[in-house]
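Colleague: generate coordinates for the sequence data below:
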Amino acid sequence: MNIRASNRVIAILITILALLFGALVWEAWGHFRLQLEATFAEGQTRTFDEARAQALRSDAPGAASFLEYITAYYPSGSKQRIGSHMDSVVERHRNLVIHDIIQYLRQKTGEDLGDNPEAWIQKYGKRQ
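Modeller: As a prediction, the model looks like this:
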């Protein structure tokens, strides 16, 4: 094998190694990002659960305050990429908790202001 051919083989091997290294870095970044998003999602859904538990032990104004807190707490796109799987998980959990608190408010007040949390917050939330 002459020097030109061996230099070509070395260049090809270096290129392959560089591509493999780039792919490894890309995969590591994706794994890190997914772990970070999962950690954020776990914290967000735990916060929703804690707020729901407190809301379901509160009077109507207290429950409405927790409802307002949950609707405003890190909206979609603030901790999760909008449209990502983790964003969908968090938003689905948020909607379930909102639904539970609205059901509680219906029972507690004997009224039905619909499924929009804003109506409940306006009527029963803390007045400033």
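
Colleague: now the helices for the protein?
Modeller: In the chain, the segments counted as helices under DSSP state H are 3-55, 60-72, 85-109, 117-124.

Colleague: what's the local residue count around A23?
Modeller: By the criterion of other C-beta atoms under 10 Å, A23 has 10 neighbours. Where C-beta positions appear, they are placed from N, C-alpha and C, glycine not excepted.

Colleague: against V9, how distant is the residue of the chain positioned farthest from its centre?
Modeller: The C-alpha centroid of the chain is most remote from N2, which lies 58.9 Å away (C-alpha atoms, centre = their mean). Separation of N2 from V9 (C-beta to C-beta, to the nearest Å): 11 Å.

Colleague: ok, now Q35?
Modeller: 39 Å.

Colleague: likewise R57?
Modeller: Look at R57 and V9: by C-beta to C-beta, they are 72 Å apart.

Colleague: please tabulate the helices of the chain in JSON lines, including the columns distance to K79.
Modeller: Converted to JSON lines, the helices of the chain look like this (distance: least, C-beta to C-beta, whole Å):
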{"stretch": "helix 3-55", "distance to K79": "4"}
{"stretch": "helix 60-72", "distance to K79": "13"}
{"stretch": "helix 85-109", "distance to K79": "8"}
{"stretch": "helix 117-124", "distance to K79": "20"}
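
Colleague: JSON lines for these, including distance to S78 and mean pLDDT?
Modeller: Shown next, in JSON lines, are the helices of the chain (distance: least, C-beta to C-beta, whole Å; pLDDT from 0 to 100):
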{"stretch": "helix 3-55", "distance to S78": "9", "mean pLDDT": "94"}
{"stretch": "helix 60-72", "distance to S78": "10", "mean pLDDT": "96"}
{"stretch": "helix 85-109", "distance to S78": "10", "mean pLDDT": "96"}
{"stretch": "helix 117-124", "distance to S78": "18", "mean pLDDT": "96"}
